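Peer 1: sequence first, predicted coordinates after that:
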Amino acid sequence: MSTEDRVSLPLGFDIPEGWVPVEPSSVGADGAVFVAVHSATDGEFTPNITLSVGQRPDRARITDIADEAVERLGRSMAALEVVRRKEIGTPVAPGVTQVLRIRTGEGQDLVQTQVQLTVPGASPAERLILQIACTATPEAARGLGDDFRRFVGSVHVRRDATADEGEDS
C-alpha cells in the first residue's frame, strides 16, 4: 500500500509475551501502523510483526491484493517464492494467508507469513485492508508461528476509541 492510501483505524490487539512494540520508523517500517520485535533473538535477524492499514476503494479481489504485496516485496529481495497460500474469511470480509520464502540482497534467508484481511466499509469504496506480517529466519519462524497466529486472532476494530488511538487493548 502506498503511503497516501494509509488510514487511521482504532485497532485493538494482544501483543504476545516476548514481543516488544517499537516505533515503526525506527526499524524502517514507515508504512506500518504497528511493529513489534521479538526480544529473544540470536543476533542473526530480529523477528518482527508488522501491521499496516490501507484504504482500497477499487474492486480488486483479495487474492489480487495479496499478489500485489508479493510483487512489492519481490522488488527489494534477491529471491522470493510463495510457498503456500490459502483464502480465508467470508464473502463479505475475505482474507488471504500466504507464506513466503525470501532471500535478501545480502543473501539472508527469511520466511514471511502474511495475512491480508478485509474490513468492509459502509460502501465498497470505503473498504480497508489490514496487512499483517511476521518475518523471521526459517529456524525462528518455526517457533514463533503460534505467537503470530495469536496476534492475528486478537486484532479487532475497537468501537470505544477515536481514529487516532491505535493502541493495543
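Peer 2: Alright, I've got the coordinates. Numbers count the residues shown, from 1 in each chain.

Peer 1: on contacts alone, who are the packing partners of the longest helix along the chain?
Peer 2: For the chain, the longest helix by residue count, based on DSSP state H, is helix 138-154. Contacts of helix 138-154 with other secondary structure elements, assessed using 3 or more Cβ pairs under 8 Å, 6 or more residues apart in numbering; DSSP states H and E, are made with strand 34-38, strand 109-119, strand 128-136. For every residue, glycine as well, the C-beta is placed using N, CA and C.

Peer 1: ok, and for it, which residues are buried?
Peer 2: Of the residues in helix 138-154, those buried by neighbour count under the rule 16 or more other Cβ atoms under 10 Å are 140-141, 144, 147-148, 151-152.

Peer 1: nearest to residue 115 among the residues you listed?
Peer 2: Sorting those by distance to residue 115 puts residue 152 at the head of the list, at 5.2 Å, by Cβ to Cβ.

Peer 1: what bits of the protein have low per-residue confidence?
Peer 2: Scanning the chain for pLDDT under 70 picks out 1-8, 41-42, 160-169.

Peer 1: what sits against the residue nearest to residue 132 when sequence neighbours are not counted?
Peer 2: Counting by Cβ to Cβ, 6 or more residues apart in numbering, the nearest residue to residue 132 once its immediate chain neighbours are dropped is residue 115, at 4.5 Å. For residue 115, the set of contacting residues under the criterion of Cβ atoms under 8 Å, 6 or more residues apart in numbering consists of 88, 95-97, 130-133, 152.

Peer 1: in JSON lines: those residues, plus distance to residue 34.
Peer 2: Listed next are the contacts of residue 115 as JSON lines, based on distance: Cβ to Cβ, whole Å:
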{"residue": "88", "distance to residue 34": "21"}
{"residue": "95", "distance to residue 34": "18"}
{"residue": "96", "distance to residue 34": "20"}
{"residue": "97", "distance to residue 34": "18"}
{"residue": "130", "distance to residue 34": "10"}
{"residue": "131", "distance to residue 34": "11"}
{"residue": "132", "distance to residue 34": "9"}
{"residue": "133", "distance to residue 34": "11"}
{"residue": "152", "distance to residue 34": "12"}
